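[1] pasting the sequence and the predicted model now:
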2 protein chains.
Amino acid sequence: MTTPPLGLRDQKKLARREAMIQAAVRLAVERGVENALIEDITAAAGVSHRTFSNYFGGKAEAIAARHLDRARGVAEALRARPAGEPLWDAITHAALSPYKADRKRPDPEWTASIRLMTSEPSLLGEFLKTNAIAERELAEVVAERTGTKVTRDLYPRLVAATVWAAVEVATDKWLSTAKPAPITQLVRNALRQVAAGLPDPSAG
Amino acid sequence: MTTPPLGLRDQKKLARREAMIQAAVRLAVERGVENALIEDITAAAGVSHRTFSNYFGGKAEAIAARHLDRARGVAEALRARPAGEPLWDAITHAALSPYKADRKRPDPEWTASIRLMTSEPSLLGEFLKTNAIAERELAEVVAERTGTKVTRDLYPRLVAATVWAAVEVATDKWLSTAKPAPITQLVRNALRQVAAGLPDPSAG
DNA sequence: GAGCAATCTTGCACCCCACGCAAGATCCCC
DNA sequence: GGGGATCTTGCGTGGGGTGCAAGATTGCTC
């Protein structure tokens, strides 16, 4: 995909970033977000306190970084779908694409970070921000596909916002249920409902 | 509505809270969020630095407080709609209820705070958190209305999330357009679209 | 209406954290 | 292999969040 032969410098950057993200999530899970000092994280990642600030705006951003990468993939995946495919079919495929790499269960580290961000108030804002970024990018692709304009029409943004709403609700359900259905099925189900306009179930 | 005769103590609390919120928004607009120190805000509101922390978790929370109050009203308004009314009609009325108190144009202080929160990255997270809280409350009311359960069914949360998505997109459009249509019309329009399932406009 | 208990504000102190700056290290490329 | 670009690092500073205890204010009761 995006692999213009990477120089040594950028390789190290990626490795450092990865190390910091992983250390941040691990320590935050192990001992709680408050007790995972940035100093600890940077020590575990083998970088200086100052470098951490060069990479991330704060602890929350580091923890959300993995999810951000994943979430952005949805817009990218939609762009890769065949042009003739019906919109909501393409969207459904795109929304499920992050789970393609997972074998059976979603990546445990991703799951842990989501669980962390949705339960810790100090992280929730960053989590929602992350989704907002991905949503914005998705709206752009939807606009391309449907011949609408993000700046002019409500449509592409409504679609993107609705899709992310469905993904978030499905994910939350999956996380909070004892023996949940596969997350892909929950997402599919949620998308089907929003695409159908969510008619009142109690109104016959 | 919720006016169980207020004691002197609670009156002062409300007044202090109000003063802090107003000072926070005003100063943040005037000189930028970064340059509006909490010290300045508390000085303007006539309270101590420490008291501010007793009321709000941070600058962002204080600025978002007005919007939070407003946003929570939507769930409350939905609960007040007649039981027989079709769901999406009731929702539309509820979503428009915050604008009832405005004469012609929405409250300028509210507008300013929204503009601030959506443009300043350091505030965006708190803004989204605020909407998430309101969304959660809305889902609860939708569940009551439709005989569903928030913990069991995707439906009420999907509806709430979709409604807020529509409101946010409409608001954003209203804020970013030179001579926008009335915000109530934009919200109505957005809700109509999501309730119709957002069919692909380019697919005949 | 006076005193007592509950609640809240305030100041103090401490620690975490974000960021500007300048110097040193590392990498890229010719 | 050398010069220029880029990045890491350490230092210093200032803002901000919070536990704690003391002082002030309110509410309640007799």
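    Yep, it's here. Numbering: from 1, shown residues only, chains lettered A, B, ... in the order given.

[2] so who does A:Ile41 touch?
    A:Met20, A:Ala23, A:Ala24, A:Leu27, A:Phe52, A:Lys59, A:Ala62 (C-beta atoms under 8 Å, 6 or more residues apart in numbering or on different chains). (C-beta placed from N, C-alpha, C; glycine too.)

[3] nearest residue to the residue most central in space within chain A in space, please, no chain neighbours.
    With distances taken as C-alpha atoms, centre = their mean, the residue of chain A nearest its centroid is A:Ala71 (3.0 Å). Distances taken as C-beta to C-beta, 6 or more residues apart in numbering or on different chains place A:Ala134 nearest to A:Ala71, at 3.6 Å, with adjacent residues excluded.

[4] just to revisit the earlier point, show me which of the contacts of A:Ile41 are buried.
    Buried residues within the contacts of A:Ile41, counting neighbours by 16 or more other C-beta atoms under 10 Å in any protein chain shown: A:Met20, A:Ala23, A:Ala24, A:Leu27, A:Phe52, A:Lys59, A:Ala62.

[5] show me where chain A has its helices.
    Under the criterion DSSP state H, helices of chain A are mapped to A:8-31, A:38-45, A:49-55, A:59-80, A:87-96, A:108-119, A:121-146, A:155-176, A:183-195.

[6] now render those helices as CSV, adding mean pLDDT.
    Shown next, in CSV, are these (pLDDT from 0 to 100):
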stretch, mean pLDDT
helix A:8-31, 96
helix A:38-45, 98
helix A:49-55, 98
helix A:59-80, 98
helix A:87-96, 98
helix A:108-119, 97
helix A:121-146, 98
helix A:155-176, 98
helix A:183-195, 98
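
[7] and B:Arg188, which of those helices is closest to it?
    Nearest of the helices of chain A to B:Arg188, taken as C-beta to C-beta: helix A:155-176 at 13.1 Å.

[8] contacts with DNA strand C among the buried ones among the contacts of A:Ile41, please.
    Of the entries in the buried ones among the contacts of A:Ile41, the ones placed beside DNA strand C under the rule of C-beta under 7 Å from any atom of the strand are A:Phe52, A:Lys59.

[9] could you export the buried ones among the contacts of A:Ile41 as TSV, including distance to chain B?
    Supplementary listing: the buried ones among the contacts of A:Ile41 in TSV, determined by distance: C-beta to the nearest C-beta, whole Å:
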residue	distance to chain B
A:Met20	20
A:Ala23	22
A:Ala24	17
A:Leu27	21
A:Phe52	18
A:Lys59	13
A:Ala62	14
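
[10] for the buried ones among the contacts of A:Ile41, which one is nearest DNA strand D?
    For DNA strand D, the closest of the buried ones among the contacts of A:Ile41 turns out to be A:Phe52, at 7.9 Å, with distances computed as C-beta to the nearest atom of the strand.

[11] from A:Leu186, how far off is the residue nearest to the closest one when sequence neighbours are not counted?
    Of all residues not flanking A:Phe52 in the chain, A:Thr42 sits nearest, at 5.0 Å (C-beta to C-beta, 6+ apart). Between A:Thr42 and A:Leu186 the computed distance is 37 Å (C-beta to C-beta, to the nearest Å).

[12] wait, what's in contact with the residue of chain A found nearest chain B?
    Taking C-beta to the nearest C-beta as the measure, the point where chain A comes nearest chain B is A:Gly125, at 2.5 Å. With contacts taken as C-beta under 8 Å, 6+ apart, A:Gly125 has the following neighbours: A:Ala60, B:Ala60, B:Leu124, B:Gly125, B:Glu126, B:Leu128, B:Lys129.
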